[in-house]
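S.K.: What follows is a predicted structure for the sequence shown.
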Amino acid sequence: MNVKDSIKNLKGIGPKKYEQFKKIGVETIEDLVYFFPRDYEDRRKITPLSQCKDQEYTGIVVKITGRGMEELLRGRKLRIIKIPIEDKGVVGEAIWYNTSFMKNTFKIGGLYYLYGKIKRGYGKIQIITPDYKIIDDLSYKGQGILPVYPLSTRLTQKDIRKFMIEAISAVKGQWEEYLPMDLRKKYKLCEINFALENIHFPTNLKNYEIGKKRLIFDEFFLLQMGLHLIKAQNTKNISGITFNIDSRVEKFIEELPFQLTNAQKKVIKELEEDLSTGKIINRLIQGDVGSGKTIIGAIALLMAYLNGYQGVMMVPTEILAKQHYETLNSLFKKFNIKIGLLIGSLKAKDKKNITEKIQSGEIDIVIGTHALIQDNVKFNKIGLVITDEQHRFGVKQRALLNNKGENPHVLVMTATPIPRTLAFILYGDLDISIIDELPPGRKKVETYHVNERYETRIYNFIKKQIKLGRQAYIVCPLVEDSESIDAQSVITLTEHLKNNIFRDEKISLLHGKMQNQEKDVVMQRFKDGEIDILISTTVIEVGVNVPNATIMLVHNAERFGLAQLHQLRGRIGRGEHQSYCILITNHEGKLIEERMKTLVGTDDGFIIAEKDLALRGPGEFLGLRQHGLPELKIANLIEDVGILKMSQDVLKEIFQEGEYSEMSKFVLENLQEKIHKIALN
Ligand SMILES: Nc1ncnc2c1ncn2[C@@H]1O[C@H](COP(=O)(O)OP(=O)(O)OP(=O)(O)O)[C@@H](O)[C@H]1O
């Protein structure tokens with residue numbers, strides 16, 4: 001038998017069983033062997049019946065001492081089948097429910113191995129619905145370590161175990177090793193056949209660990225190999241638009257009201273190098289909150305413009321789109337650049353007008369939201385696509401925008417630091433630039449974690465700040481009160497504060513349920529200093545830039561993710577004044593305490609992101625179901641970070657002598673199909 005053969009070749013798999021396996025994605029022997037256990041049962045131990053403990057799962061060796069009895073309970077609905085057992089003079093019962101045939105299954109006087117849950121009480125010892133096996137003599141050593149598979153169809157553990165044993169032995173030794181021996185030795189990775197056998201039926205725990213490590217490695221390695229190949233493909237055959245480095249860019253940078261930080265300079269240099277070589281750039285720019293990503297985007301857009309191409313920037317909210325639109329207009333005052341704003345809330349007539357100008361090339365740079373990816377938006381000559389806050393857009397949306405031109409350059413900007421490990425997997429097809437430095441002169445935001453009892457004191461403090469001319473944000477998790485969620489709401493809190501606390505201050509609210517126009521007016525007034533206190537949901541989370549705001553008060557901080565709180569805190573500390581972030585939690589708990597402590601203790605977004613990821617797991621961390629993470633079968637992004645790093649090292653080593661070295665050819669030839677399956681699906 002071959003690993004590619006259908007599982008129909010296994011004894012006992014008829015059309016019905018086959019259908020069941022198909023449902024869990026298993027059609028070939030290979031699929032089956034790559035269907036990994038979710039857990040194991042240690043069936044090596046045999047406990048004397050007298051020493052079995054209540055509720056314990058264990059194996060026992062017993063003699064069947066008589067015929068089974070059947071009892072009817074609950075108005076004859078429940079049948080209990082009791083089989084008498086005995087071990088060294090101690091007697092007990094094996095129990096089954098509603099399966100009368102069990103009465104006649106056992107040979108009276110026969111010796112059996114039973115594995116199941118023990119129940120003790122009222123002087124009785126019972127073993128509940130155990131697995132059983134007739135054995136020859138008392139020297140029986142148990143069944144070893146048995147796999148427990150995830151069950152979702154009508155297949156039973158017994159079924160899967162049986163077919164697995166058969167499959168593994170049918171293709172024994174046939175799994176092809178793709179890793180060269182010296183690499184395996186260096187990184188202490190076992191041979192693939194050994195790994196696959198020991199992940200299902202480990203001879204001992206050590207071999208299980210060894211096998212598991214190899215398979216986790218494979219999963220990470222193949223995934224990254226796939227991304228590596230996509231990246232190579234993206235850049236190899238298709239040539240990108242070449243942007244000439246224009247001295248006007250240099251001049252523009254010189255005339256900025258501030259000096260670029262070294263980190264910003266480094267990223268600009270990386271961009272210039274990429275853009276002038278004729279390859280297509282696909283680059284992720286990661287920077288912490290307030291690190292100055294907008295100016296990088298602006299410089300890239302300017303380069304496109306000076307080379308005669310249109311540029312586009314897509315952002316996740318209208319507030320942000322408008323803010324960038326204003327920033328770019330003021331930055332590019334000296335140039336004759338036409339900038340357009342395309343957002344969903346424009347009147348149909350204005351939208352039509354803008355799209356026409358985009359198509360005719362009259363508009364050079366477009367800033368917008370999702371409205372940009374509508375079918376009717378066509379570009380004249382697009383050379384650069386920037387998406388801000390990438391992970392709020394799906395991968396598909398990014399592709400739609402990228403496809404609006406002939407291979408435009410792509411820059412992805414994200415303000416939510418993504419832990420390196422995740423970034424490699426989510427954006428493995430992109431080059432990564434990191435801005436790991438804040439503009440000089442920023443004062444560190446002071447962060448405090450308190451409970452509700454401090455509210456009055458905090459409100460007094462806010463009053464003082466407002467007297468000094470500053471502004472404040474107050475964030476709540478809910479828009480309006482909810483019966484099912486016990487948390488502060490924007491509407492109720494605004495009423496309360498207006499009537500009782502801040503009678504003299506100018507106070508306004510902002511939330512996602514308001515009309516776009518209303519939101520704009522409020523935001524604009526806050527920017528202009530006409531509002532002192534803005535009570536808001538997290539609509540202000542990304543990108544909003546009001547340097548005069550110095551207070552961020554978050555109610556029910558326990559309800560937000562760490563990365564999200566860090567983003568909120570990033571709204572302050574953007575000007576010359578000392579800023580304060582106050583996190584009020586309304587529930588207690590060790591985990592809440594630990595999370596708040598992280599925020600109080602550091603303002604490094606990367607450290608916070610790592611911690612958030614570790615505490616909440618990747619799905620929660622990214623906050624979206626469609627987060628683009630591949631489904632991993634055996635590897636765990638948090639627990640197995642060490643192996644992930646190792647797989648990255650191996651990848652480097654394989655390609656260090658070039659794509660066509662003996663080593664990389666060997667690995668690639670053996671892997672083509674697998675890479676496709678894992679990485680490109
Ligand atoms: N090198 C610099 N020196 C001084 N100020 C700078 C520098 N670079 C950017 N800034 C200013 O810092 C502020 C924050 O920049 P920007 O809005 O680009 O941050 P960001 O990285 O987009 O942050 P966020 O993700 O929080 O919005 C802006 O007011 C910008 O003008």
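M.R.: Sure, I can see it.

S.K.: need the residues of the chain near the ligand, please.
M.R.: Within the chain, the residues that sit near the ligand (Cβ under 6 Å from any ligand atom) are 258-261, 264, 287, 289-295, 415, 439, 543, 545, 570, 574. Where you see a C-beta, it was placed from the backbone N, CA and C, and this is true even at glycine.

S.K.: Buried only: go through these for me.
M.R.: Buried members of the residues of the chain next to the ligand, scored by 16 or more other Cβ atoms under 10 Å, are 260-261, 264, 287, 289-295, 415, 439, 543, 545, 570, 574.

S.K.: Make sure V61 is indeed in a helix.
M.R.: No - under DSSP: H, G, I helix; E, B strand; the rest coil, V61 sits outside any helix and is assigned strand.

S.K.: Spatially nearest residue to the closest residue to the ligand within the stretch 551-681 of the chain (excluding sequence neighbours)?
M.R.: Nearest residue of the stretch 551-681 of the chain to the ligand (Cβ to the nearest ligand atom) works out as G570 at 4.3 Å. Closest residue to G570 apart from its sequence neighbours, by Cβ to Cβ, 6 or more residues apart in numbering: V289 at 2.6 Å.

S.K.: repeat for L205
M.R.: Counting by Cβ to Cβ, 6+ apart, the nearest residue to L205 once its immediate chain neighbours are dropped is I145, at 7.3 Å.

S.K.: Now the strand or helix carrying the one you found - C-alpha only, PDB.
M.R.: Element membership for I145 (DSSP states H and E) is strand 144-148. The C-alpha coordinates for strand 144-148 follow below in PDB (Å, rounded to 0.1, in the frame of the first residue of the first chain):
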ATOM      1  CA  GLY A 144       0.600   1.200  26.300                       C
ATOM      2  CA  ILE A 145      -0.100   4.800  25.600                       C
ATOM      3  CA  LEU A 146      -3.200   5.100  23.500                       C
ATOM      4  CA  PRO A 147      -4.200   8.100  21.300                       C
ATOM      5  CA  VAL A 148      -7.500   9.900  21.900                       C
END
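
S.K.: hang on, the earlier thing: for the residue nearest to G570, grab phi and psi.
M.R.: Backbone torsions for V289, taken as degrees, to the nearest 10, come to phi -60, psi 140.

S.K.: quick one: contacts for it?
M.R.: Contact analysis of V289 by Cβ atoms under 8 Å, 6 or more residues apart in numbering lists 415, 566-567, 569-570, 605.

S.K.: How about F35?
M.R.: Going by Cβ under 8 Å, 6+ apart, F35 touches 24-26, 149, 160, 164.

S.K.: Double-check that it belongs to a helix.
M.R.: No - going by three-state DSSP, the assignment for F35 is coil, not a helix.

S.K.: circling back to that earlier point, mark which of the contacts of V289 are part of helices, please.
M.R.: Here DSSP state H is the test, and these give 566-567, 569, 605 as lying in helices.

S.K.: Next, give me the two most distant ones among the contacts of V289.
M.R.: A415 and R569 (12.1 Å; Cβ to Cβ).

S.K.: Which pLDDT does the model give the closest residue to the ligand within the stretch 51-200 of the chain?
M.R.: Closest residue of the stretch 51-200 of the chain to the ligand, Cβ to the nearest ligand atom: Y187 (38.2 Å). On the pLDDT scale, Y187 is placed at 93.

S.K.: Could you do I319 as well?
M.R.: At I319, pLDDT is 80.

S.K.: Same question for the one 5 residues further on.
M.R.: H324 carries a pLDDT score of 92 in this model.

S.K.: Skipping adjacent residues, who's closest to it in space?
M.R.: I367 (5.1 Å).

S.K.: quick one on the thing from earlier: show me the contacts for the residue of the stretch 51-200 of the chain closest to the ligand.
M.R.: 217, 646, 649-650.

S.K.: Out of the residues you listed, which two sit at the greatest distance?
M.R.: Taking Cβ to Cβ, no two of the contacts of Y187 sit farther apart than F217 and D649, at 10.8 Å.

S.K.: ok, these two, which is more surrounded?
M.R.: With neighbours defined as other Cβ atoms under 10 Å, F217 and D649 compare such that F217 has more, 25 against 11.

S.K.: What helices and strands are in contact with the strand or helix carrying the more buried one?
M.R.: F217 belongs to helix 205-236 when assigned by DSSP H and E. In terms of contacts (3 or more Cβ pairs under 8 Å, 6 or more residues apart in numbering; DSSP states H and E), helix 205-236 is packed against helix 192-200, strand 282-287, helix 420-426, helix 641-655, helix 662-679.

S.K.: The first one - contacts with which helices or strands?
M.R.: Read that as helix 192-200. So helix 192-200, by 3+ Cβ pairs under 8 Å, 6+ apart, packs with helix 157-170, helix 205-236.

S.K.: Could you look over the ones you listed and pick the most buried one?
M.R.: Scoring these by mean neighbour count under mean count of other Cβ atoms under 10 Å gives helix 205-236 as the most buried, with a mean of 20.

S.K.: List the buried residues of the very next helix or strand once past that one.
M.R.: Using DSSP H and E, the helix or strand that directly follows helix 205-236 along the chain is helix 247-254. By neighbour count on 16+ other Cβ under 10 Å, the buried set for helix 247-254 is 249, 252-253.

S.K.: again, but for stretch 476-484
M.R.: Quick answer for stretch 476-484 (16+ other Cβ under 10 Å): 476-479.

S.K.: Name the member of the ones in helices among the contacts of V289 that has the highest neighbour count.
M.R.: Neighbour-wise, these (other Cβ under 10 Å) top out at H566, 28 neighbours.

S.K.: Could you pull up the contacting residues of that residue?
M.R.: 289, 599, 603, 605, 608-609.

S.K.: what about E558, how many residues close to it?
M.R.: When neighbours are counted by other Cβ under 10 Å, E558 registers 21.

S.K.: surely it meets T585?
M.R.: Yes - counting by Cβ atoms under 8 Å, T585 is a contact partner of E558 at 4.6 Å.

S.K.: before we move on, back to that, averaged pLDDT, the strand holding I145. What do you get?
M.R.: For strand 144-148, mean pLDDT rounds to 92.

S.K.: what packs against whichever strand or helix holds L384?
M.R.: Assigned by DSSP H and E, L384 belongs to strand 382-388. The contact analysis (3+ Cβ pairs under 8 Å, 6+ apart) places strand 382-388 against helix 294-306, strand 310-314, helix 395-402, strand 409-414.

S.K.: Identify each buried residue in the longest one, please.
M.R.: Spelled out, it's helix 294-306. So for helix 294-306, counting by 16+ other Cβ under 10 Å, buried means 294-306.

S.K.: Tell me how far it lies from the chain's centre.
M.R.: Distance of helix 294-306 from the chain centroid (Cα atoms, centre = their mean, to the nearest Å) equals 30 Å.

S.K.: What would that helix look like as PDB? C-alpha coordinates only.
M.R.: The C-alpha coordinates for helix 294-306 follow below in PDB (Å, rounded to 0.1, in the frame of the first residue of the first chain):
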ATOM      1  CA  THR A 294       1.800  58.900   8.600                       C
ATOM      2  CA  ILE A 295       4.800  60.900   7.400                       C
ATOM      3  CA  ILE A 296       6.400  57.700   6.000                       C
ATOM      4  CA  GLY A 297       3.200  57.100   4.100                       C
ATOM      5  CA  ALA A 298       3.200  60.700   2.900                       C
ATOM      6  CA  ILE A 299       6.800  60.500   1.600                       C
ATOM      7  CA  ALA A 300       6.000  57.300  -0.300                       C
ATOM      8  CA  LEU A 301       2.900  58.900  -1.900                       C
ATOM      9  CA  LEU A 302       5.100  61.900  -2.800                       C
ATOM     10  CA  MET A 303       7.600  59.600  -4.500                       C
ATOM     11  CA  ALA A 304       4.800  58.000  -6.500                       C
ATOM     12  CA  TYR A 305       3.400  61.400  -7.500                       C
ATOM     13  CA  LEU A 306       6.800  62.800  -8.600                       C
END
